[in-house]
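Colleague: Predicted model and sequence below, questions to follow.
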Amino acid sequence: MTTGLADFYRYNLWANLSLLDVCAQLSDEQLDATMEGTFGSVRETLVHMLASEEGYAGHVTGAYITPRLKDLTAFPGFDELRRRAKMAGEKLITFAEQGELDRVLYLDEGTYEASVMIVLIQAINHGVDHRSQIATVLSLQGVELPDLSGWGYNDAMHSADVWEG
């Protein structure tokens with residue numbers, strides 16, 4: 001198996017989809033739960049996390065998914081969140097494999113300068129941070145989550161017979 005930058009985005013997509021699978025089974029009460037120190041409710045955090053990922057994918061590729069998740073006024077449902085997570089995740093994987101990693105971007109209407117690599121780092125950091133917040137809120141409610149760590153990803157890849165050799 002070849003490894004590289006794209007593996008971080010394969011992991012990120014797997015973790016997002018694994019979390020969505022669990023959350024799709026939860027009650028409205030569980031999805032609306034929050035706690036101090038987190039972004040918001042589980043539902044709000046999922047939408048924010050995936051809307052941001054769409055934005056990161058758009059920043060680095062120049063092709064935004066429309067309509068943008070951040071512009072929707074109602075919760076789009078888990079099928080739509082899953083579809084969008086796949087679209088943004090696959091864009092990031094492809095870009096990590098083939099994109100111009102040394103390009104400079106001008107974000108926030110040109111007021112903030114960052115290299116593509118910084119945006120890619122932020123995409124991973126942002127996802128890990130918010131998945132952790134959701135995991136904390138849900139674990140306090142007694143919801144058991146899959147292991148979303150790198151070890152959990154490794155185990156899932158082995159059990160899916162993804163590894164060569």
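Modeller: Thanks, I have it. Predicted, not measured: the structure shown is a model, and the values here were computed from it.
Colleague: who's in contact with residue 91?
Modeller: Residue 91 is in contact with 57, 61, 63, 65, counting by Cβ atoms under 8 Å, 6 or more residues apart in numbering. (Each C-beta comes from the backbone N, C-alpha and C, glycine too.)
Colleague: Poorly predicted segments of the protein, please.
Modeller: 1-3, 161-165 (pLDDT under 70).
Colleague: so residue 101 sits in a strand?
Modeller: No. Residue 101: not assigned to a strand; according to DSSP: H, G, I helix; E, B strand; the rest coil it is coil.
Colleague: related to what we said a few turns ago, out of the contacts of residue 91, which end up buried?
Modeller: Buried by 16 or more other Cβ atoms under 10 Å: 57, 61, 65, out of the contacts of residue 91.
Colleague: So which elements touch the longest helix anywhere in the chain?
Modeller: Assignment by DSSP state H gives helix 116-139 as the longest helix of the chain. Contact here means 3 or more Cβ pairs under 8 Å, 6 or more residues apart in numbering; DSSP states H and E; on that basis helix 116-139 packs against helix 5-23, helix 42-61, helix 78-98, strand 104-107.
Colleague: Of all the ones you listed, which one comes closest to residue 123?
Modeller: helix 42-61 (4.1 Å; Cβ to Cβ).
Colleague: Was I right to think residue 20 contacts residue 47?
Modeller: No. Applying Cβ atoms under 8 Å, one finds residue 20 not in contact with residue 47, separated by 11.2 Å.
Colleague: which residues are common contacts for the two?
Modeller: With Cβ under 8 Å, 6+ apart, residue 20 and residue 47 have common neighbours residue 81.
Colleague: about what we covered before: dump the helices and strands packed on helix 116-139 into CSV; add distance to residue 146 as well.
Modeller: Shown next, in CSV, are the helices and strands packed on helix 116-139 (distance: least, Cβ to Cβ, whole Å):
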stretch, distance to residue 146
helix 5-23, 5
helix 42-61, 15
helix 78-98, 15
strand 104-107, 33
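Colleague: who wins for proximity to residue 151 among the ones you listed?
Modeller: helix 5-23 (10.9 Å).
Colleague: Tell me the helices and strands packed up against that closest one.
Modeller: Checked by 3+ Cβ pairs under 8 Å, 6+ apart, helix 5-23 has helix 42-61, helix 78-98, helix 116-139, helix 150-159 packed alongside it.
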